[in-house]
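Undergrad: What would the 3D arrangement of this be:
(one chain, ligands or ions: 2)
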Amino acid sequence: MSIIKQMDERLANMIAAGEVVERPASIVKELVENSIDAKATEINIFIKENGLKEIRVVDNGIGMDNEDAKKAFLRHATSKIKTEFDLERIRTLGFRGEALAAILSVSRITLKTRQSNSEGFFVRYEDSKLIDEGTTSLNEGTEITVNDLFYNTPARLKYIKSEFSERAAIIDMFDRLALSNPTVRLSLTIDEKLVKETYGNNDYYSLMRQVYGNNVLKDLIVFEKEFQKIKIKGYLASPSVSRARKKDISLFVNGRYIMNYGLTQSIIDGYHSFLMVNRYPLAILLIEMDPVLLDVNVHPQKLEVKFANESLLKYHIELFVKESLMSRPHEIPQNLSI
Ligand code: ADP
Ligand code: MG
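TA: Numbering: from 1, shown residues only. Ligands and ions are numbered 1, 2, ... in the order given. Sure thing, here's the model as predicted:
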């Protein structure tokens, strides 16, 4: 007797959700990236009880029509790619069509959306079923409210770290999103208190101040270099504001926050003689390159990126960082200044 069954849609989504939506911060990421893909210039994030009670993201993007407001929750449903050829030239942050389906499978969602010259619609889902829909009034854009996260996956809920670390992870995520979107106005409100906001005026100095505080602007080193049509812009904080963690080294490729062990290490190596042991720099690198040279489709959260020419890239980054630090006037390497 055959015992193999194809999983139903919801079960498959719940399993996939484990990869896409690990914790509240990953939901903030997915929702904000959707807003950015929808060309929003202003995105406001509201969090209640570390995201477990509520995550609400309000944008002024292009919105959806009432048919798409429902299709958006289907697995593998996306407006961003159509053919396999599009995979080679991804310009949007999303493309897998998984996030909303995955989030829906572990929460209750209300979505409101309005396109220009059209009326607003809302849909409400519970247990992955549409329970209500209709017209509603709202400004142009989209508002997604995610409630009771992981209510149906007690194991995951238990695994969620201390409340403090979820809050910290949300703030770290906000910082990354803010730094990778200097032309978008972003705000983060947690339990009714405005925690951070940016102005979206494309001024990296004011952005860094909003994200890291005034201190970081002192003796900030900025460089802009290019090799083989790869543009690299760096914002290097003075070695005097070094950190105990590597997390404040941020890499952005074509506007996407990425993680890459090798590139991070090459920044640390560039700072080498300027920092004491076990101290790490605060640095931001913005890389612009032909998307053909990178593979973003490695991991469901799209954080790990593979480069076609990683060792060359590493070599140049270390060199650029070192050169920029060396060319600073009056800079004495910290480990020589004792
Ligand atoms: P993906 O982003 O990979 O396409 P998602 O599940 O995140 O997959 O979203 C599915 C679709 O829903 C998107 O392709 C987009 O068309 C639509 N969508 C989601 N969020 C928004 C938003 N804030 N504004 C407009 N459209 C949205
Ligand atoms: Mg998406």
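Undergrad: rest of the way, CA atoms for contacts and neighbours
TA: Noted.
Undergrad: how close does the closest residue to ligand 2 within the chain get to residue 87?
TA: Distances between the chain and ligand 2 by C-alpha to the ion are smallest at residue 94, namely 4.2 Å. Per C-alpha to C-alpha, to the nearest Å, residue 94 is found 11 Å from residue 87.
Undergrad: what's the pLDDT at whichever residue of the stretch 101-250 of the chain sits closest to ligand 1?
TA: Using C-alpha to the nearest ligand atom, the closest approach of the stretch 101-250 of the chain to ligand 1 is made by residue 142 at 5.1 Å. The predicted structure scores residue 142 at 98 on the pLDDT scale.
Undergrad: Same check on the one 3 residues further on?
TA: The predicted structure scores residue 145 at 98 on the pLDDT scale.
Undergrad: give the contact list for residue 290.
TA: For residue 290, the contact set (C-alpha atoms under 8 Å, 6 or more residues apart in numbering) comprises residue 230.
Undergrad: who in the stretch 1-150 of the chain is up against ligand 2?
TA: For the stretch 1-150 of the chain, the contact set with ligand 2 under C-alpha under 5 Å from the ion comprises 34, 94.
Undergrad: need the residues of the stretch 1-150 of the chain near ligand 1, please.
TA: Residues of the stretch 1-150 of the chain lying close to ligand 1 by C-alpha under 6 Å from any ligand atom are 34-35, 38, 61-64, 72, 77-80, 94-101, 142.
Undergrad: can you give me the helices for the protein?
TA: Remark: helices assigned in the chain by DSSP state H are 9-20, 24-37, 66-71, 99-105, 154-159, 163-180, 204-212, 261-270, 310-326.
Undergrad: Of those helices, flag the one that's most buried.
TA: helix 99-105 (a mean of 27; mean count of other C-alpha atoms under 10 Å).
Undergrad: picking that back up, for the residue nearest to the residue of the stretch 101-250 of the chain closest to ligand 1 when sequence neighbours are not counted, which residues count as its bridge partners?
TA: Nearest in space to residue 142, with sequence neighbours left out and distances taken as C-alpha to C-alpha, 6 or more residues apart in numbering, is residue 113 at 4.2 Å. Note on residue 113: beta-bridge partners by DSSP bridges are residue 121, residue 142.
Undergrad: Would you mind confirming that residue 322 makes contact with residue 270?
TA: Yes - checked against C-alpha atoms under 8 Å, the pair residue 322 and residue 270 is within contact range at 4.6 Å.
Undergrad: so where's the chain shaky on pLDDT?
TA: Scanning the chain for pLDDT under 70 picks out 88-90, 161, 296-302, 329-338.
Undergrad: repeat that with 80
TA: The model of the chain has pLDDT under 80 over residues 9, 13-20, 76-77, 79-97, 159, 161-163, 295-304, 328-338.
Undergrad: Map the structural domains onto the sequence of it.
TA: Domains of the chain are assigned by automatic domain parsing as 9-197, 214-332.
Undergrad: Give me the buried positions along stretch 276-296.
TA: Neighbour counts over stretch 276-296 (16 or more other C-alpha atoms under 10 Å) mark 279-288, 291, 294-296 as buried.
Undergrad: So which of those residues belong to strands?
TA: The strands, defined by DSSP state E, take in 283-288, 294-295 from the buried residues of stretch 276-296.
Undergrad: what distance separates stretch 191-210 from the middle of the whole chain?
TA: 15 Å (C-alpha atoms, centre = their mean, to the nearest Å).
Undergrad: wait, I meant stretch 102-110
TA: Relative to its chain's centre, stretch 102-110 lies at 19 Å (C-alpha atoms, centre = their mean).
Undergrad: Compute the first-to-last residue distance for it.
TA: Terminal residues of stretch 102-110 lie 15 Å apart, using C-alpha to C-alpha.
Undergrad: Count the neighbours of the residue of the stretch 101-250 of the chain closest to ligand 1 for me.
TA: Residue 142 has 28 neighbours, counted by other C-alpha atoms under 10 Å.
Undergrad: Residue 116 is in contact with that one, correct?
TA: No - with contact defined as C-alpha under 8 Å, residue 142 and residue 116 do not form a contacting pair (11.4 Å).
Undergrad: Now list whatever residues contact both of those two.
TA: Contact with both residue 142 and residue 116 is made by residues 62-63, according to C-alpha under 8 Å, 6+ apart.
Undergrad: just wondering, since we're on residue 36, how far is it from residue 20?
TA: 18 Å.
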